[in-house]
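J.: What follows is a protein structure lacking sequence information:
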């Protein structure tokens, strides 16, 4: 599994996941929409942690810069 996410991409995804988490905990978002957004937030956090997004693979997208960049 080759990393395909850069630091900025990971930061943005983490911030979005945190905002969604806060909105869910506060009860601002609930119901079916809340469930869907909770799943999205979890997916954003997981992909940020592993620096790999499966949605980028079919399109050949990489925000990680050079191939030798480990993102660490």
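T.: Ah, there it is. Keep in mind the model is a prediction, meaning the values are calculated, not measured.
J.: phi, psi of the spatially most central residue of the chain?
T.: The centre of the chain sits closest to residue 44, judged by C-alpha atoms, centre = their mean, with a distance of 2.4 Å. Taking degrees, to the nearest 10, you get phi -60, psi -40 for the backbone angles of residue 44.
J.: what's near enough to touch it?
T.: Residue 44 is in contact with 13-14, 16-17, 20, counting by C-beta atoms under 8 Å, 6 or more residues apart in numbering. C-betas here are computed from N, CA, C, even on glycine.
J.: Out of those, flag the one nearest to residue 62.
T.: Distance to residue 62, by C-beta to C-beta, is smallest for residue 13 among those, at 14.8 Å.
J.: Low-confidence regions, this protein specifically.
T.: Residue ranges of the chain with pLDDT under 70: 66-72.
J.: try 90
T.: 1-3, 55-72 (pLDDT under 90).
J.: can you give me the helices in it?
T.: 7-26, 31-50 (DSSP state H).
J.: any chance of these in CSV, plus distance to residue 60?
T.: As requested, those are arranged in CSV below (distance: least, C-beta to C-beta, whole Å):
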stretch, distance to residue 60
helix 7-26, 15
helix 31-50, 17
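J.: Nearest to residue 65 among these would be which one?
T.: Taking the helices of the chain one by one with C-beta to C-beta, helix 7-26 is closest: 8.7 Å.
J.: thinking again about what came up before, and the helices of the chain: which comes nearest residue 61?
T.: Using C-beta to C-beta, the helices of the chain put helix 7-26 closest to residue 61, at 9.8 Å.
J.: Need the contact partners of the closest one.
T.: 5, 29-30, 34, 37-38, 40-42, 44-45, 47-48, 51, 53, 63-64, 71.
J.: measure residue 59 to residue 40 for me?
T.: To residue 40, residue 59 is 19 Å away according to C-beta to C-beta, to the nearest Å.
J.: Of the contacts of helix 7-26, keep whichever come out buried.
T.: Buried by 16 or more other C-beta atoms under 10 Å: 5, 29, 37-38, 41, 44-45, 47-48, 51, 53, 63-64, out of the contacts of helix 7-26.
J.: out of those residues, what pair is the most spread apart?
T.: 29 and 64 (30.9 Å).
J.: now the contacts of residue 44: which count as buried?
T.: 13-14, 16-17, 20.
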